[in-house]
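Q: Give the three-dimensional model of this entry:
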Amino acid sequence: MAAPDSWESIADDQPEPAPALNPNAGAFVPGRNVFASSFVPGGAPRTVATTNVERPQQEQAPADKPADAAQLSSDLEASSIKDESTSEEAEPKPQASANSNTSPEQASTPPAAEAAAPAAAAAAEDHSAAKLAEEAFPDGGGELENVNIVFIGHVDAGKSTIGGQLLKLTGQVDKRTLEKYEREAKEKNRESWYLSWALDTNAEERDKGKTVEVGRAMFSTARKRFTILDAPGHRSFVPNMINGAAQADMAILVISARRGEFETGFERGGQTREHAMLAKTAGVKHLIVLINKMDDPTVVWKSERYEECKSKLMPYLKQVGFRKSDVCFMPASGLTGAGLKERVDPASCDWYSGPSFLEYLDSLPSISRSSSDVVRVPIVDRYKDMGTIIMGKLESGCINKSQSLVLMPNRANVDVLAVFADESEVSTARCGENIKLKLKGIEEEDVSPGFVLCSPNQLCHTTRVFDAQIVVLEYKSIICAGYSAVLHVHTAVEDVKITNLLFTIDRKTNQKKPRPRFIKQDMSAVVRMETSGVICLETFKQFPQLGRFTLRDEGRTVAVGKVVKLISDAAPGAAN
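A: Modelled structure (predicted):
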């Protein structure tokens, strides 16, 4: 055997297992190649005498690849249907060594051991598959239903305090953090505000004690996983409240039982009325009225004050459109936590024997979701973090990692690089979840709130002109053709103009009167509207989440409505 030209051309041998070593091999001499011939000056090369030094042929084992989440289901199926006969054929049989004195009868494997070998291999595969499933679905495969709840109500009713108390009671905020908040709040002479700081995170909100942006937090119970959306209560931030209500499945209307505070919020122009109406317009079907501050010295858990608030509020909720069976009243104290996790102490409140707030939330029936439908994600916000990140609620369909989608109205093709739910990365997002997606194929400046992420095979409609049925709620003057307002539809905000009044509808007899000259407060009409830019829109009948809207003007909610007809789709790729 001739010496090689270069030692680099010969790959290093794999280490041999102990039984395969050759006991008759020569001693190792550093710097000497036992396979090379010796050099003899002036003579023929002579070979080194070796004793059957053979290089055993080994099959190069393929490198282990990390399991792909997309192949998880097929791997699980393959491991569960593997035939035992195949496992027995693949099991290597022991061979007796040439230098061993073991008889063939002793070398053979007992039948019990042969039968146990496939079972052990199958158990190892099942354990590996379970580990892969745990990594791909860290939330337990979606066994906890996700529910989005929005806290609404008049300013200073205690919404953020109740949200912070819920996070404390469910263990989402540690004791050290709460002690830090309490110490900092005491330094600012705001001792009772420290719980709200778990949701009010920026300095402006903490200094003024008013929520500005929609706060977000998560907590879980035995049967459900909840996403808290803490909406602002001040009238200056109603557009942010509408944005939060558009992402909610149910609403918590927080009422202050303190003398004077309930009356201020409920009187005409108060945010208690407007928030209840806007929540119904946003599609919220179930409402929990949480009468807060029952431990206040002006109330002291008196049933008379509780019944007074309930009797005044229920007729208005019926007028807005809530059915009696969809509204639940319960007393609570956000500062002390009474009535939230544990039931109210009978010693202080012997007249209420209903469930606590968390007990009632956990007992609600499951919400029907359209996970098998087309993908629709109205975008709430976006930012840049090692790529373009978008936030929104998955209204329908299901999104997987590496899935290809289309962003409307720009018709931009994007790929999903990562899916985040509850601040943790998952492989699949289900309908109803508030998610974050890392996208490939688009920049942050090309994405705006109000855009909609869609399935490539069925895009949502984009338009500027549409017909809608509206109900005028509050407007001092008359509304004629040419009237302009601000349109809030799903997460989009756009200037809109009423170009034509088609007909009015009598709200009692449903009779239509064509071509009215004007409409005014408490009237219902079908009008033609035109937006200043292209927006993603669907008819209310086809997709309610993208077909209901609110009209606002001069800081007031003027009208609510639903889309009944799309006049024309915008040109492909048009965004303005």
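Q: Show me which residues of stretch 148-158 are buried.
A: Of all the residues in stretch 148-158, those buried under the rule 16 or more other Cβ atoms under 10 Å are 148-158. No exception for glycine: its C-beta is placed from N, CA and C like everyone else's.
Q: In strands, which of the residues you listed fall?
A: 148-152 (DSSP state E).
Q: Reformat those residues as a markdown table; add distance to residue 364.
A: Listed next are these as a markdown table, based on distance: Cβ to Cβ, whole Å:
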| residue | distance to residue 364 |
| --- | --- |
| 148 | 13 |
| 149 | 10 |
| 150 | 15 |
| 151 | 16 |
| 152 | 18 |
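Q: mind putting those in a markdown table, pLDDT and distance to residue 324 included?
A: Listed next are those as a markdown table, based on pLDDT from 0 to 100; distance: Cβ to Cβ, whole Å:
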| residue | pLDDT | distance to residue 324 |
| --- | --- | --- |
| 148 | 90 | 24 |
| 149 | 92 | 20 |
| 150 | 92 | 21 |
| 151 | 93 | 22 |
| 152 | 92 | 19 |
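Q: wait, which of the buried residues of stretch 148-158 is closest to residue 398?
A: residue 148 (16.9 Å; Cβ to Cβ).
Q: Is the closest one bridged to anything, and to what?
A: residue 227 (DSSP bridges).
Q: residues in contact with it?
A: For residue 148, the contact set (Cβ atoms under 8 Å, 6 or more residues apart in numbering) comprises 226-227, 229, 247-250, 393, 432, 434.
Q: Tell me the buried residues in the helix or strand encompassing residue 531?
A: Using DSSP states H and E, the element containing residue 531 is strand 524-537. Neighbour-count burial for strand 524-537 flags 524-529, 531, 533-537 (criterion: 16+ other Cβ under 10 Å).
Q: Partner strands of it and their direction?
A: As assigned by DSSP bridges, strand 524-537 forms pairs with strand 461-472 (antiparallel), strand 492-505 (antiparallel).
Q: which intervals of this structure have sub-threshold pLDDT?
A: 1-143, 191, 200-202, 204-207, 569-576 (pLDDT under 70).
Q: And the helices in it?
A: In the chain, the helices defined using DSSP state H lie at 72-80, 84-90, 104-107, 111-136, 159-169, 175-187, 203-208, 238-245, 261-266, 271-281, 303-320, 357-363.
Q: number of nearby residues for residue 304?
A: 8 (other Cβ atoms under 10 Å).
Q: how close does it get to residue 164?
A: Residue 304 sits 29 Å away from residue 164, going by Cβ to Cβ, to the nearest Å.
Q: and what of residue 523?
A: 43 Å.
Q: Between the two, tell me which one has more neighbours.
A: residue 164 (28 against 19).
Q: does the more buried one really touch residue 211, like I thought?
A: No. Applying Cβ atoms under 8 Å, one finds residue 164 not in contact with residue 211, separated by 11.5 Å.
Q: Now do the shared contacts for the two.
A: In contact with both residue 164 and residue 211: 196, 199, using Cβ under 8 Å, 6+ apart.
Q: Strands along the stretch 301-450 of the chain, start to end?
A: For the stretch 301-450 of the chain, the strands defined by DSSP state E, counting those that start in this stretch occupy 327-331, 376-384, 388-393, 399-400, 404-408, 412-421, 424-426, 428-429, 434-440.
Q: Tabulate those (CSV), appending distance to residue 318 and mean neighbour count.
A: Shown next, in CSV, are the strands of the stretch 301-450 of the chain (distance: least, Cβ to Cβ, whole Å; neighbours: other Cβ atoms under 10 Å):
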stretch, distance to residue 318, mean neighbour count
strand 327-331, 9, 20
strand 376-384, 29, 19
strand 388-393, 28, 22
strand 399-400, 38, 18
strand 404-408, 38, 19
strand 412-421, 36, 18
strand 424-426, 41, 14
strand 428-429, 36, 23
strand 434-440, 30, 20
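Q: and of those, who's closest to residue 361?
A: strand 327-331 (10.1 Å).
Q: Off-centre distance for the closest one?
A: 27 Å (Cα atoms, centre = their mean, to the nearest Å).
Q: cool, stretch 437-444 as well?
A: The answer for stretch 437-444 is 17 Å, by Cα atoms, centre = their mean.
Q: Please name the bridge partners of residue 391.
A: In beta-bridge terms (that is, DSSP bridges), residue 391 pairs with residue 381, residue 436.
Q: Sorry, wrong one. I was asking about residue 566.
A: Going by DSSP bridges, residue 566 forms beta bridges with residue 466.
Q: my guess is residue 274 contacts residue 234, does it?
A: No. Using Cβ under 8 Å, residue 274 is not in contact with residue 234; the gap is 11.4 Å.
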